[in-house]
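Student: pasting a predicted model and its sequence here:
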Amino acid sequence: MPSAVQIRRTGGPEVLELTGVTIGDPGPGQLLVDVAAAGVNYLDTYQRSGLYSIELPAVLGLEGAGRVVSVGKGVTQFRPGDRVAWQNAFGSYATQALVPERVAVAVPDAVSDEIAAALLLQGITAHYLARSLYPVAEGDNVLVHAAAGGTGLLLTQLVKARGGRVLATVSSEEKAKLAREAGADEVIRYDEVDFAKQARELTGGEGVAVVYDGVGKNTFDGSLASLRVRGTLALFGAASGPVPPFDPQRLSAGGSLFLTRPTAYDYIRTREELTWRADELFQSVVDGKLTVRIGHRYPLAEARQAHEDLQARRTTGKLLLLP
């Protein structure tokens with residue numbers, strides 16, 4: 001019988017339990033996949049805690065990689081034996097998962113299952129932020145929060161590849177080292193200094209063109225204060241909690257600022273856009289232009305520890321569960 005990490009009620013990491021589950025055959029448009037690796041994301045903790053409502057009981061996990069076992073009716077792009085990776089397929093913390101064909105992509109032979117699982121969701125996030133939401137231009141000053149995290153390390157590399165200057169915020173010297181290795185031009189220890197003031201000083205008082213902020217509540221005010229006139233704040237996550245309601249007049253007072261709260265789903269609305277982003281990311285890995293750091297690997301039974309480590313900010317890079 002397949003096993004999976006399930007929650008029967010919302011709460012802290014203690015509600016995660018490894019249990020036997022019945023997966024069943026793939027339905028129309030679905031793939032049954034043997035999961036080789038599943039990614040751990042902050043979004044998983046929001047669903048586990050009840051911040052984001054989901055139907056219970058539920059198997060957590062949105063992304064992973066593995067090999068197709070069987071396919072349902074109407075599937076045309078994959079067949080048994082194919083290696084695939086996916087994002088936005090609920091139930092990935094498991095030894096087997098049902099994955100909609102529409103969210104799956106083919107994994108090149110030169111890319112391992114672990115790298116594929118570690119790259120796709122956070123890589124697509126980094127890709128749409130730097131390529132589409134605010135297309136970084138040569139010489140742009142860019143502030144990347146949590147730059148030593150999974151998304152932050154990828155985003156730093158993609159911004160640098162487009163000619164941007166990265167100001168990276170981190171909370172420890174170990175994380176500062178990782179951010180520099182990823183290409184960050186300046187590293188700001190936000191636990192020691194006012195990062196908004198530092199960002200102003202590092203840009204000659206002008207401020208940055210864009211802030212990529214996945215932290216949320218604790219950084220929001222400083223992120224706004226870091227922007228140049230007509231700068232953009234991309235608030236793509238809430239690791240420290242959701243941002244309270246605020247007066248939009250602050251955007252005017254700050255210099256006609258732009259604020260957006262994007263989700264990856266809206267940047268992969270078509271199959272063509274999904275495969276474009278995934279193919280570019282995989283090719284960058286194969287070419288050695290993009291490095292994916294796997295910070296820690298956990299057995300499926302240690303999903304609770306993975307959540308505890310992630311929320312305590314004890315981690316760098318990507319966290320994986322290995323069924």
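Tutor: Now that the structure is in, tell me what you want to look at. Computed from a predicted structure; not experimentally measured.
Student: and the closest residue to residue 38 other than its chain neighbours, its phi and psi?
Tutor: For residue 38, ignoring the flanking residues on the chain, the nearest one in space by CB to CB, 6 or more residues apart in numbering is residue 64 at 4.0 Å. All C-beta atoms are positioned from the backbone trio N, CA, C, and that covers glycine. Residue 64 has phi and psi values of phi -180, psi -170 when expressed as degrees, to the nearest 10.
Student: show me where the stretch 151-300 of the chain has strands.
Tutor: Assigned by DSSP state E, counting those that start in this stretch, the stretch 151-300 of the chain shows strands spanning 165-170, 186-189, 208-213, 227-235, 258-260, 294-299.
Student: that older thread, which ones are touching the residue nearest to residue 38?
Tutor: Residue 64 makes contacts with 33, 35-39, 85-86, 89, 92, 97, 117, as judged by CB atoms under 8 Å, 6 or more residues apart in numbering.
Student: if you set the cut-off to 10 Å instead, what comes out?
Tutor: 33, 35-39, 84-87, 89, 91-94, 97, 99, 113, 116-118, 120-121, 320-321, 323 (CB atoms under 10 Å, 6 or more residues apart in numbering).
Student: and for residue 216?
Tutor: Here residue 216 is in contact with 42, 145, 223, 235-243, 261 (criterion: CB under 10 Å, 6+ apart).
Student: if I look at the nearest residue to residue 135 once chain neighbours are set aside, how far off is residue 289?
Tutor: Counting by CB to CB, 6+ apart, the nearest residue to residue 135 once its immediate chain neighbours are dropped is residue 162, at 7.7 Å. Residue 162 sits 12 Å away from residue 289, going by CB to CB, to the nearest Å.
Student: for the residue lying closest to residue 22 once chain neighbours are set aside, grab the count of nearby residues.
Tutor: Leaving aside its sequence neighbours, residue 22 sits nearest to residue 1 (CB to CB, 6+ apart; 7.2 Å). Around residue 1 there are 10 other residues, counting by other CB atoms under 10 Å.
Student: do you know how far residue 1 is from residue 303?
Tutor: Counting by CB to CB, the gap from residue 1 to residue 303 is 18 Å.
Student: what does residue 184 give?
Tutor: Relative to residue 303, and taking CB to CB, residue 184 is found at 31 Å.
Student: and residue 93, what does it touch?
Tutor: Contacts of residue 93 (CB under 10 Å, 6+ apart): 3-7, 16, 18, 35, 38-40, 44, 58-62, 64, 300, 303, 306, 321, 323.
Student: give me the pLDDT for residue 140.
Tutor: On pLDDT, residue 140 comes in at 98.
Student: residues near it, how many?
Tutor: Other residues close to residue 140 by other CB under 10 Å number 18.
Student: what's near enough to touch it?
Tutor: 134, 159, 162-166, 208-210, 228.
Student: can you check residue 317 too?
Tutor: Taking CB under 10 Å, 6+ apart as the test, what residue 317 contacts is 118, 122, 148-154, 178, 182, 291-296.
Student: kindly report the same for residue 310.
Tutor: Contacts of residue 310 by CB under 10 Å, 6+ apart are 13, 40-42, 44-45, 149-150, 239, 295-296, 319.
Student: sorry, back to before: quick one: which of the contacts of residue 64 sit in helices?
Tutor: 113, 116-118, 120-121 (DSSP state H).
Student: need those residues in JSON lines with pLDDT, distance to residue 193 and neighbour count, can you?
Tutor: What follows is the ones in helices among the contacts of residue 64, written out as JSON lines (pLDDT from 0 to 100; distance: CB to CB, whole Å; neighbours: other CB atoms under 10 Å):
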{"residue": "113", "pLDDT": "97", "distance to residue 193": "40", "neighbour count": "20"}
{"residue": "116", "pLDDT": "97", "distance to residue 193": "37", "neighbour count": "30"}
{"residue": "117", "pLDDT": "97", "distance to residue 193": "35", "neighbour count": "30"}
{"residue": "118", "pLDDT": "95", "distance to residue 193": "31", "neighbour count": "29"}
{"residue": "120", "pLDDT": "94", "distance to residue 193": "34", "neighbour count": "29"}
{"residue": "121", "pLDDT": "92", "distance to residue 193": "31", "neighbour count": "24"}
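Student: ok, of those residues, which one's closest to residue 191?
Tutor: Of all the ones in helices among the contacts of residue 64, residue 191 sits closest to residue 118, with 26.2 Å by CB to CB.
Student: ok, and the closest non-adjacent residue to that closest one?
Tutor: Going by CB to CB, 6+ apart, residue 118 has residue 318 as its nearest residue, at 3.9 Å.
Student: C-alpha coordinates for the one helix or strand that neighbour maps to, CSV please?
Tutor: Here residue 318, judged by DSSP states H and E, is contained in strand 318-322. This file holds the C-alpha atoms of strand 318-322, laid out as CSV (Å, rounded to 0.1, in the frame of the first residue of the first chain):
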residue,chain,number,x,y,z
LYS,A,318,15.5,23.7,-1.0
LEU,A,319,14.2,21.1,1.3
LEU,A,320,13.2,17.7,-0.1
LEU,A,321,11.3,14.7,1.2
LEU,A,322,12.5,11.4,-0.2
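Student: quick one: list the elements packing against that strand.
Tutor: strand 30-40, strand 64-71, helix 113-128, helix 150-161, strand 294-299, helix 303-311 (3 or more CB pairs under 10 Å, 6 or more residues apart in numbering; DSSP states H and E).
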